[in-house]
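Chemist: I would like the atomic coordinates for the input below:
(chains A and B)
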Amino acid sequence: MISANLSAIFYLVSGILFILALRGLSSPETSRQGNYFGIAGMVIAIIVTFLSVGNFSTSIVYVIIFLVIGGAIGAFIAFKIPMTAMPELVAGFHSLVGLAAVFVAIAAFLNPEAFNLGIAGNIKLASLIEMSIGVAVGAITFSGSIIAFLKLRGIMSGSPITFSGQHVLNLVLGIAIFVLIFFLCKTQSENFFWTVVIISFFVGVLLIIPIGGADMPVVISMLNSYSGWAAAGIGFTLENTALIITGALVGSSGAILSYIMCKAMNRSFVSVILGGFGADNSIDDLKEKKDQKPVKNGNAEDAAFLMKNASSVIIVPGYGMAVAQAQHALREMVDKLKKNDIKVTYAIHPVAGRMPGHMNVLLAEANVPYDEVFELEDINNDFANSDVAFVIGANDVTNPVAKTDPKSPIFGMPVLDVEKCKSVLFVKRSLSPGYAGIDNELFYKDNTLMLFADAKKMTEDIVKNLD
Amino acid sequence: MEIDPFIFRLSIFILSIFIGYYVVWSVTPSLHTPLMSVTNAISSVIIVGAIIAALAGSSESIFSTSSIFGFIAIILAAINIFGGFLVTQRMLQMYKKKKDKKK
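Modeler: Predicted coordinates:
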């Protein structure tokens, strides 16, 4: 058994290692080292916990068995999961953090002696408050992440589910949680504790169901943030520095990502949370427009010809590329183009895909060097000097209407200036609108050639035609 | 008058939020997905609470109600720790520069 002071110092060390783990992600070169720092921090925290409890009875055998079971499941998932499934994996992992926080808080509530929080029925006030906040946020994280997972996985429809009085209901339930926590502190009654847990599970579900599929980058970041705050709440209860530091880091990390995502869509955080975006698309209006405007329809041969004669090509990937798993075919196409001395770069919009950095990971998986991949603000001026823009699976993030029509729901959203290219190739399955439910003007421009096909199949056909 | 230890923990918490703020802004956007998976892994340090709860049972009754919650939480957190770090590692291995792009 080691002293409380010594273990506190070790917890601090593991907290610092976690900071270094995040710091490492400032560039791909240092990132792998950063990950090792993170692992080291975790190992230290776990060993110190064993030593500080110092109870080496038979329980420890079970602890290790459960640790190994969980570890094996985790490792199996980590190696098997396809990169295109990253968003749902992350959502699933968030739900586990949330549930673990709930269970730890329940354990602490039932057996406060083990954590030095007083005795059952007479828990220290501060601990009780911290624990209830931890359990509430943890439960919201859990059920919210489950819904996000189901939506991302396609088990549940990605379209927003709204009903009248939804926001009022959420507000009432939110207030109810606080009131119940107040009574829990006053009476120490178990019933209030369990009610807080149950209501929080409901709130998590209600918070996420009205949010549409395309707002998922914000949702995932937000749940990431919540999982951090839940951990911090438990950290306060357990008086554990490693947990407090980590919770704060993760909480602010998720919050920043949510902010970046909202900004990239020019939407306020509140409007994303309130949800319902993209639900009311005026389909009649669209049909009318389609009849009026002609679209230039091309095939793989035309596309190959255009690109072969270009000197620079910019690829704009989007969620459609992920769905079709077209990243490997795309990379093959780019290799062929490069052999013909054509300069190829990739332009990534911050909200392309279903989670922050989604496209970057997929391109990295297909062995695209990361220094050929550029963010919106770094590449947007290059479109004017490029010959071909190859838009594959992206839609709204290229829509020029965001710059021209103040009435459009996406007005003000930063978009890729694809239309400035000499010609635009647009791989898409149909003319259907994107998540914002609005038509893309780009489809009807003179310099746009629409390639109607599955992204992967079309790319493969283009590769054949490039020979 | 002595300062309540809670205040110290609160100070650590708030300073850590600031550290998190500056550190995360310096993360390159192309690594935002690994950032999420690694934050996931490290927030599973909540496993320390689960271990304390699980070890709290006496040798006669290893599985009390509270330690059972602890044991389940250990499994959940362990899935996250191993899954989170390994999938992050797997992703980071894929980020390569132009010169070593050979398979």
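Chemist: quick check, pLDDT for the spatially closest residue to A:Lys445 that is not a sequence neighbour.
Modeler: Closest residue in space to A:Lys445, ignoring its immediate chain neighbours: A:Glu419 at 6.0 Å, by Cβ to Cβ, 6 or more residues apart in numbering or on different chains. From N, CA and C alone the C-beta is placed, and that goes for glycine too. Note on A:Glu419: pLDDT of 84.
Chemist: give the contact list for A:Glu419.
Modeler: By Cβ atoms under 8 Å, 6 or more residues apart in numbering or on different chains, the residues touching A:Glu419 are A:Phe383, A:Thr398, A:Pro400, A:Glu441, A:Leu442, A:Lys445, A:Asn447, A:Thr448.
Chemist: helices along the stretch 151-300 of chain A, start to end?
Modeler: Using DSSP state H, counting those that start in this stretch, the helices of the stretch 151-300 of chain A run over A:166-187, A:190-208, A:216-238, A:241-264, A:269-274, A:283-292, A:300-308.
Chemist: swap in chain B?
Modeler: According to DSSP state H, chain B carries its helices in the segments B:5-25, B:32-43, B:47-55, B:65-94.
Chemist: now the last one: average pLDDT?
Modeler: Translated: helix B:65-94. Helix B:65-94 comes out at a mean pLDDT of 92.
Chemist: that helix to helix B:32-43, inter-axis angle?
Modeler: Angle of helix B:65-94 versus helix B:32-43, following axes from the mean of the first three to the mean of the last three Cα atoms, to 10 degrees, is 150 degrees.
Chemist: give me the nearest residue to the closest residue to chain A within chain B, chain neighbours excluded.
Modeler: Per Cβ to the nearest Cβ, B:Ala78 is where chain B lies closest to chain A, at 2.7 Å. Nearest residue to B:Ala78, sequence neighbours excluded (Cβ to Cβ, 6+ apart): A:Gly70, at 2.7 Å.
Chemist: so where's the stretch 151-300 of chain A uncertain?
Modeler: A:275-293 (pLDDT under 70).
Chemist: residues in it within reach of chain B, list them.
Modeler: Residues of the stretch 151-300 of chain A lying close to chain B (Cβ under 8 Å from any Cβ of the partner chain) are A:220-221, A:224, A:227-228, A:231-232, A:234-254, A:256-257, A:260.
Chemist: how does it look with 10 Å?
Modeler: For the stretch 151-300 of chain A, the contact set with chain B under Cβ under 10 Å from any Cβ of the partner chain comprises A:217, A:220-221, A:223-225, A:227-232, A:234-257, A:259-261, A:264.
Chemist: let me know the closest of the contacts of A:Glu419 to A:Phe79.
Modeler: A:Thr398 (35.4 Å; Cβ to Cβ).
Chemist: so what's that closest one up against?
Modeler: A:316, A:318, A:347, A:349, A:352, A:383, A:389, A:391, A:415-419, A:424, A:426, A:434, A:440-442 (Cβ atoms under 10 Å, 6 or more residues apart in numbering or on different chains).
Chemist: any chance of the contacts of A:Glu419 in a markdown table, with pLDDT and secondary structure too?
Modeler: A markdown table is the format used below for those (pLDDT from 0 to 100; DSSP: H, G, I helix; E, B strand; the rest coil):
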| residue | pLDDT | secondary structure |
| --- | --- | --- |
| A:Phe383 | 86 | helix |
| A:Thr398 | 85 | helix |
| A:Pro400 | 84 | coil |
| A:Glu441 | 79 | helix |
| A:Leu442 | 81 | helix |
| A:Lys445 | 81 | coil |
| A:Asn447 | 83 | coil |
| A:Thr448 | 84 | strand |
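Chemist: from these, list the buried ones, please.
Modeler: A:Phe383, A:Thr398, A:Pro400, A:Glu441, A:Leu442, A:Lys445, A:Thr448 (16 or more other Cβ atoms under 10 Å in any protein chain shown).
Chemist: surely the last one touches A:Val391?
Modeler: Yes. Counting by Cβ atoms under 10 Å, A:Thr448 does reach A:Val391; the two are 9.0 Å apart.
Chemist: overlap in contacts of those two?
Modeler: Common neighbours of A:Thr448 and A:Val391 (Cβ under 10 Å, 6+ apart) are A:Val418, A:Cys421, A:Val424, A:Leu425, A:Phe426, A:Asn440, A:Leu442.
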